[in-house]
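[1] quick one, what's the 3D model for this:
(chains A, B, C and D)
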4 protein chains.
Amino acid sequence: MLGKTAVAKEHRCEIKVRTYELDGYGHVNNAVYLNYLEYARSEFLSSIGFDYSASVKAGIGLYISRIAIDYRSPSFTGDDLTIVTVPVKKRAACVNLSQVIMRGDTLIAEAEVVWAFVNEKGYPSRLPERFDLPGFLPPNGKAFDKN
Amino acid sequence: MLGKTAVAKEHRCEIKVRTYELDGYGHVNNAVYLNYLEYARSEFLSSIGFDYSASVKAGIGLYISRIAIDYRSPSFTGDDLTIVTVPVKKRAACVNLSQVIMRGDTLIAEAEVVWAFVNEKGYPSRLPERFDLPGFLPPNGKAFDKN
Amino acid sequence: MLGKTAVAKEHRCEIKVRTYELDGYGHVNNAVYLNYLEYARSEFLSSIGFDYSASVKAGIGLYISRIAIDYRSPSFTGDDLTIVTVPVKKRAACVNLSQVIMRGDTLIAEAEVVWAFVNEKGYPSRLPERFDLPGFLPPNGKAFDKN
Amino acid sequence: MLGKTAVAKEHRCEIKVRTYELDGYGHVNNAVYLNYLEYARSEFLSSIGFDYSASVKAGIGLYISRIAIDYRSPSFTGDDLTIVTVPVKKRAACVNLSQVIMRGDTLIAEAEVVWAFVNEKGYPSRLPERFDLPGFLPPNGKAFDKN
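    Now for the predicted structure:
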């Protein structure tokens, strides 16, 4: 029971499109959305109590191993976007996240992101216990590899 | 026969990693690879004779509708990277591309990209004949929707 | 009297440093500050009632003709920065702005920026009256070229 | 005599404008030119034999303390730009550089850049002898503070 209350619900953060993020069409450039997703992931980490500086000192890296993003609708300068981040699968050495970018009710983009935990040599590695926080678990509270 | 010689083979271009493209780990940032892929696609378009300015004037847009990228190995400042672009599937209103980023024999990243053709209103649209070049066809020279 | 109340005071906006804006030293990269300044200028324009879309339609461009920026102190991921923008000189075809970036009481960077008004052909041009807003005037409310 | 031949002449490098570097006007964005200048400075460092990795290990930083850039003419996607870098003043703890961006005979932008040498604590610091290369001297071969 206690465990479940500690489990991350979906995380939301807001971002406002800036002029210099547009491309020649006047739309937010496709690569810029990956910046938005990265920003949202760093806010997500803070929200679950992950100490990023401590992890760097401990030689733990969180590397992106895969991003699959579908662009659904363009966005424009001044748009207020909401990014929703939720872990969907947890294994020993990686977490799959679902990230969705909305402008009000309009779906702008949706992405599946795989985060790999790596050690100081850059090899995939189980997260040390003090960094393996409940917030990395999907809303059902279960790690994939324990099922 | 003549047609086949006009069909695009794989397209290659080179890029050198620049200092400002690194992240806090000293690696090329994940979003920067999407810039590299965009650069390679614009070189690809030139190589097949696609007149980008004319397409803009004609109200034709080439929008990215999906990118799935797997990051295989980090790259660093000064690295000489090769980007290989090849169309793998052609439909009436979109092209699927395979794009691979190499440093010598090391695979840095590989991506599947879907390009949608859209009209002036932003709706998916069949490419006008003069822009529907043989170079968009996969190496076997066949459009998917004619099979 | 009425005119004076319409004159821009200094404009302030906030920005939070994002992970992808750092360079290899872990500091905000020098070019990124120019993005911050651009963001602040677009917020400044909104604050004085300048209709950017209408200006584009009318063929008016606001081009940067000069930026001189002194970097005083590094800033880091997660920093909350304040950008203060104030017009300091107004001529017929350009405005000089002072822009200062602060983290609390710490001066991060200070810049002098020259904005040129240009017509559709890209030549320096007097702003049409409906775009020549009181907010472009320095706090003393006087245009340089009327003194 | 020997010394003079080792002194840096002006350094030139080439860059081709990429699609994702444009702003909403279809021009290269003002901040992107600072990226170009940074790229040219890193090539300049290589050309004079400066070992960047060794300097980082030795705790030496090269920080930008000032950039004053005048934008003279817009540039566009596909443009081939030449960046000319030449040191113009050398003091114990900093170097002033002149950097000019050209497209053929057209002046795109010109900048004065001040590079400060800092120690591990981030304080201005005299360069250790093995990093204080003749290539940092202006074409007349004289350090300012020895005159």
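[2] which parts of chain A are strands?
    Assigned by DSSP state E, chain A shows strands spanning A:11-16, A:61-71, A:80-90, A:94-103, A:106-118.
[3] so which of these comes closest to C:I101?
    With CB to CB as the criterion, C:I101 lies closest to strand A:11-16 of the strands of chain A, at 18.0 Å. All C-beta atoms are positioned from the backbone trio N, CA, C, and that covers glycine.
[4] quickly list what the residue lying closest to A:V84 once chain neighbours are set aside is bridged to.
    Leaving aside its sequence neighbours, A:V84 sits nearest to A:V100 (CB to CB, 6 or more residues apart in numbering or on different chains; 4.7 Å). Following DSSP bridges, A:V100 is listed with bridge partners A:V84, A:E110.
[5] quick check: residues of chain A near chain B?
    Counting by CB under 8 Å from any CB of the partner chain, chain A comes close to chain B at A:25, A:29-32, A:34-35, A:38, A:61, A:63-71, A:74, A:122.
[6] remind me which residues of chain A are low pLDDT?
    A:1-8, A:144-147 (pLDDT under 70).
[7] most centrally placed residue in it?
    When CA atoms, centre = their mean is applied to chain A, the residue found nearest the centroid is A:R41 (3.5 Å).
[8] residues touching that one, list them.
    Residues in contact with A:R41 (CB atoms under 8 Å, 6 or more residues apart in numbering or on different chains) are A:T85, A:L97, A:Q99, A:V113, A:W115.
[9] could you rerun that using 7 Å?
    A:R41 makes contacts with A:T85, as judged by CB atoms under 7 Å, 6 or more residues apart in numbering or on different chains.
[10] grab the longest helix from chain A for me.
    When chain A is parsed with DSSP state H, its longest helix is helix A:30-47.
[11] for that helix, list every residue counted as buried.
    Judged by neighbour count (16 or more other CB atoms under 10 Å in any protein chain shown), helix A:30-47 contains these buried residues: A:30-45.
[12] stretch A:74-83 now?
    A:P74, A:S75, A:T77, A:D79, A:L81, A:I83.
[13] got the end-to-end distance for that stretch?
    15 Å (CA to CA, to the nearest Å).
[14] so what's the gap between it and the chain middle?
    How far stretch A:74-83 lies from its chain's middle: 18 Å, per CA atoms, centre = their mean, to the nearest Å.
[15] ok, and what's touching that stretch?
    Here stretch A:74-83 makes contact (CB under 7 Å, 6+ apart) with A:12-17, A:19, A:22, A:26-28, A:36-37, A:40, A:99, A:101-103, A:108.
[16] buried subset of those as a ChimeraX selection?
    Entered in ChimeraX, the line below selects the buried ones among the contacts of stretch A:74-83, by 16+ other CB under 10 Å:
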select /A:12,13,15,17,19,22,27,28,36,37,40,99,101,102,103,108
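[17] the contacts of stretch A:74-83: which ones sit near chain D?
    Among the contacts of stretch A:74-83, the residues lying close to chain D (CB under 7 Å from any CB of the partner chain) are A:T19, A:L22, A:G26.
[18] test my guess that the first one contacts C:L37.
    No. Counting by CB atoms under 7 Å, A:T19 stays clear of C:L37, with 11.0 Å between them.
[19] quick one on the thing from earlier: using CSV, write down the CA coordinates of the longest helix of chain A.
    In CSV, the C-alpha atoms belonging to helix A:30-47 read as follows (Å, rounded to 0.1, in the frame of the first residue of the first chain):
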residue,chain,number,x,y,z
ASN,A,30,11.5,18.4,-35.6
ALA,A,31,14.7,18.2,-33.5
VAL,A,32,13.5,20.8,-31.1
TYR,A,33,10.8,18.5,-29.8
LEU,A,34,13.6,16.2,-28.6
ASN,A,35,14.9,19.1,-26.6
TYR,A,36,11.4,19.6,-25.1
LEU,A,37,11.3,15.9,-24.2
GLU,A,38,14.7,16.1,-22.5
TYR,A,39,13.6,19.1,-20.5
ALA,A,40,10.5,17.2,-19.4
ARG,A,41,12.6,14.1,-18.4
SER,A,42,14.9,16.2,-16.3
GLU,A,43,11.8,17.7,-14.5
PHE,A,44,10.5,14.2,-14.1
LEU,A,45,13.7,13.1,-12.5
SER,A,46,13.5,15.9,-10.0
SER,A,47,9.9,15.1,-9.3
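[20] chain center to that helix: distance?
    6 Å.
[21] report the angle between that helix and strand A:106-118.
    60 degrees (axes from the mean of the first three to the mean of the last three CA atoms, to 10 degrees).
[22] chain center to stretch A:68-86: distance?
    14 Å.
[23] distance between the ends of it?
    Termini of stretch A:68-86 sit 15 Å apart (CA to CA).
[24] which residues touch the closest residue to A:S65 other than its chain neighbours?
    Residue nearest to A:S65 in three dimensions, not counting chain neighbours: A:A116, with 4.3 Å by CB to CB, 6+ apart. A:A116 makes contact with A:Y63, A:S65, A:A93, A:C94, A:P124 under the criterion CB under 7 Å, 6+ apart.
[25] want to try CSV for the residues you listed, with distance to C:K57 and neighbour count as columns?
    Putting those into CSV (distance: CB to CB, whole Å; neighbours: other CB atoms under 10 Å in any protein chain shown) gives the following:
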residue, distance to C:K57, neighbour count
A:Y63, 45, 17
A:S65, 45, 18
A:A93, 54, 16
A:C94, 49, 20
A:P124, 53, 14
